[in-house]
Each structure stands twice: as structure tokens, then as C-alpha cells.
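Chemist: Okay, predicted coordinates and the sequence, questions at the end:
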Amino acid sequence: TVDPPNVIVDWDWDIGADGTIEYTGIDNPTHQFNTPGDIPVELIVYSDNGCSDTITGTVTVYPFPDADFDFTNACAGDPNTFLDMSTVPPNPASTINDWQWDFGDGNVQVGGDTVTHVYTYADTFNPILVLDNLQGCEISIPGPTPIITGSRVANFTEDVTYLCRDGWVQFGDLSNASPP
């Protein structure tokens, strides 16, 4: 602050407190931080009478979780298990607190680092995991490979209409499957 009737006429912002002025002449700059950590921020203000004052604060920038997941590849109608294998970088420390699983078939499940989902028909699906940490940093990652669910239909024939005791029957397999 500056005592009246003096007025602040200039601002210098040093993001990272490394001696480099990133913004000058701007009272309310917007800055994008690309590196997590505790980042010092220094503001120097200048009044119209030639006085200056400096204050330094710290901005804590939290990292995104290192998102990763895996899944089992099951046939249509069987449960697929999805397992979050994400980690959170240690500096500064955080915790994943929200999972949203988009299974790629129009179904979404919120919550849980391990979930199961049943695909009701055979197709290729591209699941996505969305993670949030306690600080609200959100990241979305597609699955490592598409899920290809297969289907199977068991069926058979027999070569007789009526069968008497001690009779033999020839069976024929008519089952089919599409690949998972």
C-alpha cells in the first residue's frame, strides 16, 4: 500500500524469484505454471513519488496424477475388471480422491480405484479414466489398448430324432465365437 495522496504507477512481477521480471507495468497479470512445486512470487510496486516496496509470497503448484490403468479383456456378458495404476508425484504431496470410469459404451461409473463392468454386446471399446486429486487437478487418459469383447454361442445338433436304449448318437458342434 502507498500512503495518500501517492499513487502506485508501476508493478514488476518476478515469478520464481530468480531476478527475471516476467511482467512489468501490469497490476494483475495472469501466469501459467508448468512445473509443480512451491514457487516464490515477488511483487515490486513503485509510487508516483519514487518510492518502492517489495513483497514475496509462495504459490504451491500441484502436479497432475501420473494416470495409468489396466483391465481384463472378457467376453460380452462377462465382467471386465478395471484397475487404476496411477501414482501421484511426491512434491508437493497430494492424493487421488475421485475416479470416473468411462467404459466407451455409454456407461460411466464414478468412484473406486478398482471397478468391474459388463459389456452387453461384442464390439471394440475405448475406455477412459478421469482422475482428480485433492487440489482439483484433473487429468484424463485413454486405456492402453482398446477393449475388444468377443461373444460366444454354444450350440449343437444330434443325428437322431428318437433314441432307444443302447443307441448311438452323433453330435455336431454348431458353436461360434467372435474373438476377444
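Modeler: Sure thing, it's come through.

Chemist: Next, Gly19: secondary structure please.
Modeler: coil (DSSP: H, G, I helix; E, B strand; the rest coil).

Chemist: Kindly provide the distance from it to Asp132.
Modeler: Per Cβ to Cβ, to the nearest Å, Gly19 is found 36 Å from Asp132. Yep, even glycine has a C-beta here, placed from its N, CA and C like the rest.

Chemist: So what does Ser52 have for phi and psi?
Modeler: Main-chain dihedrals, Ser52, degrees, to the nearest 10: phi -140, psi 160.

Chemist: who's it bridged to?
Modeler: Tyr46 (DSSP bridges).

Chemist: More neighbours: which of Gly19 and Asp132?
Modeler: Asp132 (16 against 7; other Cβ atoms under 10 Å).

Chemist: Surely that one and Asn97 touch.
Modeler: Yes. Using Cβ atoms under 8 Å, Asp132 is in contact with Asn97, at 6.3 Å.

Chemist: contacting residues around the closest residue to Asn97 other than its chain neighbours?
Modeler: Spatially, and ignoring its direct neighbours in sequence, Asn97 is nearest to Leu134 (5.2 Å; Cβ to Cβ, 6 or more residues apart in numbering). Taking Cβ atoms under 8 Å, 6 or more residues apart in numbering as the criterion, Leu134 is in contact with Ser94, Thr95, Asn97.
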